[in-house]
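Undergrad: Have a look; sequence and predicted model below, questions after that.
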Amino acid sequence: MIMLKDNHHDFCGGIALAVQRTKAYLKAKGKDLKIEVETRNLKEVEDALAAGVDRIMLDNMSLEEMRKAVSLIGGRCETEASGGIIKETLL
């Protein structure tokens, strides 16, 4: 799996371009790897879904944002959450 962090898609000019370049690179190298994208907000979640990624990381989102993001994703890809997660927010 390849993980595209926020600095990668910032450098490329957005998630769509970062994923497009990554897919082109993988194809050129004959590699078949899944792509995970770190997202910081709902707009980036939408962009990641549109780009067809395999896993979306919800990074440093509030509990409310995470709930909205999971609903938006709707099981279309794997999800992961990181940053600011504490025992009280898991219950």
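TA: Noted; the coordinates are in hand.
Undergrad: Now the longest helix along the chain: buried residues?
TA: The longest helix of the chain (DSSP state H) is helix 15-28. Going by neighbour count (16 or more other Cβ atoms under 10 Å), the buried part of helix 15-28 is I15, A18, V19, T22, K23. C-beta: built from backbone N, CA, C; applies to glycine.
Undergrad: where in the chain is pLDDT low?
TA: Along the chain, segments meeting pLDDT under 70 span 91.
Undergrad: can you give me the strands for it?
TA: Remark: strands assigned in the chain by DSSP state E are 2-4, 35-39, 55-59, 78-82.
Undergrad: Deepest-packed of those strands, please.
TA: strand 35-39 (a mean of 24; mean count of other Cβ atoms under 10 Å).
Undergrad: So what touches that strand?
TA: Outside strand 35-39, the residues that touch it by Cβ atoms under 8 Å, 6 or more residues apart in numbering are 1-6, 9, 15, 18-19, 22-23, 44-45, 47-48, 51, 53-59, 69, 80.
Undergrad: quick one: strands adjacent to it?
TA: Strand 35-39 pairs in its sheet with strand 2-4 (parallel), strand 55-59 (parallel), by DSSP bridges.
Undergrad: between that strand and helix 15-28, what angle do the directions make?
TA: 160 degrees (axes from the mean of the first three to the mean of the last three Cα atoms, to 10 degrees).
Undergrad: Tell me what angle strand 35-39 forms with strand 78-82.
TA: Going by the same axes, to 10 degrees, strand 35-39 makes 40 degrees with strand 78-82.
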